[in-house]
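Colleague: 3D, please:
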Amino acid sequence: MQHHSTRSPSSGPSHLKCGGFANAGGDSPATLKGNRAHEHLEQLCTGGPVTSPVPADELPGVLWGYEYVKDNFNMKTLVCEEMVHIYDDSGEELSFGTNDLFDGEQIGDFKTGQVREYKAQMAYYAAGRMQQTGKKEMRIHEIYTEHRWGKVYILSYEEAWAIIDKITENKKKGTLSPNEYCTWCKHSGVCPALSNVAMNTLEKISPETELKNYDFTQLKTVEDKGKAYKICKILEDWIAGVKKIVNKSVIEDGEDVPGVRITTRAGNPTIEDIPGAFARMELGQDEFLKACSVSIPALTKAYQKKFNLKGKEASQEVANRLECLIKRKPDTRYIRRK
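Modeller: Numbering: from 1, shown residues only. Next up, the predicted model:
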């Protein structure tokens with residue numbers, strides 16, 4: 001994996017929206033999914049051995065991305081996962097980052113999540129490639145593997161730098177503006193701008209007057225943290241209600257709600273005919289069983305039915321019989337309101 005600068009191209013969209021954004025870091029499920037897809041696609045596109053596996057439910061989108069590249073890029077001149085440097089007018093390095101695809105004429109970037117506005121990220125790559133090649137404009141492909149869609153547009157050198165200059169200005173001013181990237185910002189819990197949005201919403205939806213006009217951007221005392229958590233739960237209930245209404249509106253009623261689109265996530269594949277799968281796989285019994293897992297609730301239900309037991313009795317007998325075989329994952333600690 002390549003390292004990125006503190007003002008990396010990938011942070012461009014968030015900094016264009018808010019000058020105070022700071023990535024919280026960490027490997028979220030979405031990040032890990034993106035890493036898997038990028039590694040697999042790089043190996044496919046470079047013709048090397050494919051040693052980075054992806055789960056079965058993610059593979060169709062990844063393979064579609066590879067076909068898209070073959071259909072739209074010059075495979076003979078294509079380079080993948082190459083570091084791009086961007087320099088300001090004085091020749092000082094302003095940023096650097098890893099560009100997924102470049103064939104000498106156009107750039108591409110794989111996206112494995114939601115469709116978002118990524119032009120601010122692409123502006124850095126485009127500016128860097130135009131500085132390398134002397135070109136005045138660059139064709140860009142945002143390749144959304146999960147959605148099977150390629151967004152194609154052209155940025156001129158001037159357009160790319162207008163975006164980069166705006167990002168630089170935002171960061172210098174530290175302008176705070178709540179937006180869709182707040183989820184990934186390490187300051188989200190104590191951000192004054194986000195706090196104002198939360199408190200303004202709370203004013204309208206909660207009758208609990210002792211919480212109104214409360215500043216919870218510091219969270220220093222246990223009392224502060226307790227009140228802030230109470231506010232979170234109220235807002236979460238309201239958010240869940242709004243999502244339920246909008247989901248019904250779009251999916252069931254077919255309404256065109258601005259900013260919302262229907263997408264489909266592939267269901268997890270399962271095998272219901274276990275003996276049939278065993279017969280088809282040409283594996284030994286021990287090899288096959290190593291790939292299988294047993295549902296304790298389903299096993300308990302079958303045991304209860306066979307021996308005509310009450311649910312509690314069946315659970316206890318199954319637990320006793322399998323005590324030496326059952327492995328329990330570590331307990332998870334979490335908080336809830338008193």
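
Colleague: and the helices in this protein, which stretches?
Modeller: 12-17, 29-46, 59-72, 119-133, 157-173, 192-205, 222-247, 274-281, 285-290, 296-307, 311-321 (DSSP state H).

Colleague: can you put those helices in TSV and add mean neighbour count and mean pLDDT?
Modeller: From N, CA and C alone the C-beta is placed, and that goes for glycine too. Shown next, in TSV, are these (neighbours: other CB atoms under 10 Å; pLDDT from 0 to 100):
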stretch	mean neighbour count	mean pLDDT
helix 12-17	22	95
helix 29-46	17	94
helix 59-72	17	96
helix 119-133	22	97
helix 157-173	16	95
helix 192-205	15	85
helix 222-247	13	87
helix 274-281	11	94
helix 285-290	10	93
helix 296-307	13	95
helix 311-321	14	94
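
Colleague: residue 122 contacts residue 111, correct?
Modeller: No - between residue 122 and residue 111 there is no contact under CB atoms under 8 Å: 10.7 Å.

Colleague: which neighbours do these two share?
Modeller: Common neighbours of residue 122 and residue 111, counting by CB atoms under 8 Å, 6 or more residues apart in numbering, are residue 142.

Colleague: quick one on the thing from earlier: which among the helices of the chain is found nearest to residue 267?
Modeller: helix 59-72 (12.6 Å; CB to CB).

Colleague: show me what that closest one is packed against.
Modeller: Applying 3 or more CB pairs under 8 Å, 6 or more residues apart in numbering; DSSP states H and E, we find helix 59-72 packed against helix 29-46, strand 106-111, strand 137-144.

Colleague: how about the shortest one as CSV, C-alpha atoms only?
Modeller: Output for strand 106-111, consisting of C-alpha atoms alone and laid out as CSV, is shown next (Å, rounded to 0.1, in the frame of the first residue of the first chain):
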residue,chain,number,x,y,z
GLN,A,106,-6.7,9.5,-19.5
ILE,A,107,-7.0,8.6,-15.9
GLY,A,108,-9.3,6.3,-14.0
ASP,A,109,-10.2,5.6,-10.4
PHE,A,110,-12.1,2.7,-9.0
LYS,A,111,-14.9,3.3,-6.6
